[in-house]
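S.K.: Need coordinates for the below:
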Amino acid sequence: MKELLIIKVGGSSISSPDLKVWIESIEQTIRPVVLVPGGGPFADTVRRYQKVIGFDDDAAHHMAILAMEQFGRAIVSLGNRLVAVATKEAIRKALSENKIPVWMPAKLALRAGEIGRNWSVTSDSLAAWLAGQFSGCSLCLIKQLDLPEGSTLHAISRAGVVDQAFARLLHEETAVYIAGPGDLRLAGRRLAIGNVPGHAIVRDDKSGNGGSVAEAAE
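M.R.: I've put the predicted structure just below:
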């Protein structure tokens, strides 16, 4: 599983024509890939009605994870190699059959005590957590923004590109990439030769790029 790539498909892409192009590009991959769906407007509905109804963060966390599964089911329907899975065993089985598993996170994530049950954890952190379950795995986050070369983990956390829990749940061996609209044109070609679309995120914040990342996130 050393070549395994987790790709998190941002929920914000659900209303973009880029979504289907991303799915088509991902299906060209020659390396093992697992897709993690974002929550998108389904999770936004949970946020909105938590304020109206007043249910607690534990309930909201559970509902937001189910929102990811709603988007995940939609993603599965858009591809030819995509299949819904819930466990690590199911992921391995799907990959052995040359399929692309789309992770339904409720079964595993709701049992993991290290994952906070509040809004500090979003689908980005859940994708980071899943990547950490497989030794040597890489992680690519598909976003609706393009980041500058050399962006650091500290900078993207500070700018809100990823959530508050992301750095904590990210395994030290997991290489992180972020791909935006500008990376889509070459994404299929890169995946077809086993490469990762997007820009690598630097772990050590020594580049002074925090300002440019903040501007990109606006």
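S.K.: C-alpha only now, for contacts and for neighbours.
M.R.: Will do.
S.K.: which residues of this structure score low on pLDDT?
M.R.: In the predicted model, the chain carries pLDDT under 70 at residues 1, 205-218.
S.K.: Break down it into its strands, ranges please.
M.R.: Assigned by DSSP state E, the chain shows strands spanning 5-9, 33-37, 82-85, 100-103, 138-142, 175-179, 199-200.
S.K.: JSON lines for those strands, including distance to Asp163 and mean neighbour count?
M.R.: JSON lines is the format used below for the strands of the chain (distance: least, Cα to Cα, whole Å; neighbours: other Cα atoms under 10 Å):
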{"stretch": "strand 5-9", "distance to Asp163": "14", "mean neighbour count": "27"}
{"stretch": "strand 33-37", "distance to Asp163": "15", "mean neighbour count": "28"}
{"stretch": "strand 82-85", "distance to Asp163": "24", "mean neighbour count": "22"}
{"stretch": "strand 100-103", "distance to Asp163": "19", "mean neighbour count": "27"}
{"stretch": "strand 138-142", "distance to Asp163": "12", "mean neighbour count": "26"}
{"stretch": "strand 175-179", "distance to Asp163": "14", "mean neighbour count": "22"}
{"stretch": "strand 199-200", "distance to Asp163": "18", "mean neighbour count": "20"}
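S.K.: Mind putting those strands into JSON lines with distance to Pro17?
M.R.: Below are those laid out as JSON lines (distance: least, Cα to Cα, whole Å):
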{"stretch": "strand 5-9", "distance to Pro17": "13"}
{"stretch": "strand 33-37", "distance to Pro17": "16"}
{"stretch": "strand 82-85", "distance to Pro17": "19"}
{"stretch": "strand 100-103", "distance to Pro17": "20"}
{"stretch": "strand 138-142", "distance to Pro17": "14"}
{"stretch": "strand 175-179", "distance to Pro17": "16"}
{"stretch": "strand 199-200", "distance to Pro17": "22"}
